[in-house]
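Peer 1: Predicted model, plus sequence, below.
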Amino acid sequence: MSTAAPLPLRQPEPVHGIEVSPLLACDPRKRRLYGADTYYQESYEQLAALTRDVTGFAHRHAALLLKPDAVVARRLLAAVDWLAEHGFRIVAAEPTRLTRTVIRSLWYHQWNLATPYRRRLAGLFLDSTDSLVLLVRPEADTDVPASVLLTRLKGPTDPDARVPGQLRHLLGRYSYLLNLVHTPDEPADVLRELAVHFDDEQRAGMYRSALAGEDRSARARALAGRLHAASEPRELDFEPALGRLRDTVARHPGLDAAAAPRELLETAWRHRVALDAWDTVVVGSKVLPMREPGRTPVLDGAGVEQWRRHLADLRAIPSRRSSP
């Protein structure tokens, strides 16, 4: 008499990191990846040592990164004013430097879309001066996380899709790449990106400042003045920048300074002509492809309506379990 072989025991799923609450990110894939992400782990664990309500903190706070293009265009104070006008209190402010490593860490799950041109242009300006990170919270209660709300109010990356009232529309509709500001999409992104920008001591200071809830707009204005003083002002308009590039190329015999803008840039690069970095970015971001066609980001954010549906689903879970 034969006996059936025993069924193999099911192996437990490997644990790669900490648990990320569905209240911090909509996408389960994102929660799995962030739970194993060193930046997220460090930030979450540090905040958990300061407050029991990590999830509530992450829901109530958003971050705004004012990039070097906002610095040289002298738009930092306009952004500070816009935040106040839209009901956001600045509770912490610190400068940061967008080095090559920081850039790739911030947009690690989205830069698979970037063309080589975009990476090259980003490298020309993002590390050119310090940037400014503002940690903010809405003065009134919101039905979605503050980061989700601020991301919508900020406006899209596409300059042609921006509308009056949005921050990016106010600050300047230059190009896809020169969009002046960035916001973390969801609560989990706020925690992770603060760890990308700041070490433990700086981040702890920002968390303590935010937990105190005091208005730090005066500090934000002081830092804005310091960043402006440390950098040369630049205009970011296309035609003047193109004219200056043509003048530079015209000083090199044999090169066609009247060529179409894309050809002008590629010829100058091929012949190692020293071009002004900001003018190159202004022109290049208008005439060179920024996104690889057919690709989607590894991870993406969730908008206001998606978050409303997500929160409604989470609220419905206990009642479903209690139903017969």
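Peer 2: Okay, I see it.

Peer 1: From here on, just use CA atoms for contacts and neighbour counts.
Peer 2: Will do.

Peer 1: tell me how far the ends of stretch 136-153 are from each other?
Peer 2: Distance across stretch 136-153, first residue to last, is 13 Å (CA to CA, to the nearest Å).

Peer 1: roughly how far is that stretch from the heart of the chain?
Peer 2: Averaging C-alpha positions (CA atoms, centre = their mean, to the nearest Å) puts stretch 136-153 16 Å from its chain's average.

Peer 1: what comes into contact with it?
Peer 2: 58-64, 87-92, 165-167, 183-187, 190, 210, 302-304, 307-308 (CA atoms under 8 Å, 6 or more residues apart in numbering).

Peer 1: same thing but 7 Å
Peer 2: For stretch 136-153, contacts defined as CA atoms under 7 Å, 6 or more residues apart in numbering pick out 59-63, 87-91, 166-167, 183-187, 303-304, 307-308.

Peer 1: Stretch 231-251 now?
Peer 2: Residues contacting stretch 231-251 (CA under 7 Å, 6+ apart): 72-74, 129, 174, 255, 257-258, 268, 275, 279, 282-283.

Peer 1: and if we set it to 10 Å?
Peer 2: Here stretch 231-251 makes contact (CA atoms under 10 Å, 6 or more residues apart in numbering) with 68-74, 128-130, 172-175, 178, 255-259, 261, 264-265, 267-268, 273-276, 278-286.

Peer 1: cool, and stretch 96-108?
Peer 2: Counting by CA under 10 Å, 6+ apart, 39, 65-68, 110-111, 119, 122-123, 125-133, 184, 189, 192-198, 297-299 sit against stretch 96-108.

Peer 1: what's the longest helix in the protein?
Peer 2: Counting residues, the longest helix found in the chain (DSSP state H) is helix 304-322.

Peer 1: Report all helices and strands that that one contacts.
Peer 2: helix 146-154 (3 or more CA pairs under 10 Å, 6 or more residues apart in numbering; DSSP states H and E).

Peer 1: can you give me the helices for the stretch 101-250 of the chain?
Peer 2: Listed in chain order, the helices of the stretch 101-250 of the chain (DSSP state H, counting those that start in this stretch) span 116-125, 146-154, 167-171, 187-197, 200-212, 217-229, 238-250.

Peer 1: one step back: pull out the buried members of the contacts of stretch 96-108.
Peer 2: 39, 65-68, 111, 122-123, 125-133, 184, 189, 192-198 (16 or more other CA atoms under 10 Å).

Peer 1: just the buried members of the contacts of stretch 136-153?
Peer 2: 59-63, 88-91, 166-167, 183-187, 303-304, 307.

Peer 1: closest one to V20 among the helices of the stretch 101-250 of the chain?
Peer 2: helix 187-197 (8.0 Å; CA to CA).

Peer 1: Run the angle between the closest one and helix 146-154 for me.
Peer 2: Per axes from the mean of the first three to the mean of the last three CA atoms, to 10 degrees, the angle that helix 187-197 makes with helix 146-154 is 90 degrees.

Peer 1: I'd like the average pLDDT over helix 187-197.
Peer 2: Summarised as a single mean, pLDDT over helix 187-197 is 98.

Peer 1: circling back: possible to save the helices of the stretch 101-250 of the chain as JSON lines with distance to P138?
Peer 2: Listed next are the helices of the stretch 101-250 of the chain as JSON lines, based on distance: least, CA to CA, whole Å:
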{"stretch": "helix 116-125", "distance to P138": "31"}
{"stretch": "helix 146-154", "distance to P138": "7"}
{"stretch": "helix 167-171", "distance to P138": "15"}
{"stretch": "helix 187-197", "distance to P138": "14"}
{"stretch": "helix 200-212", "distance to P138": "12"}
{"stretch": "helix 217-229", "distance to P138": "14"}
{"stretch": "helix 238-250", "distance to P138": "36"}
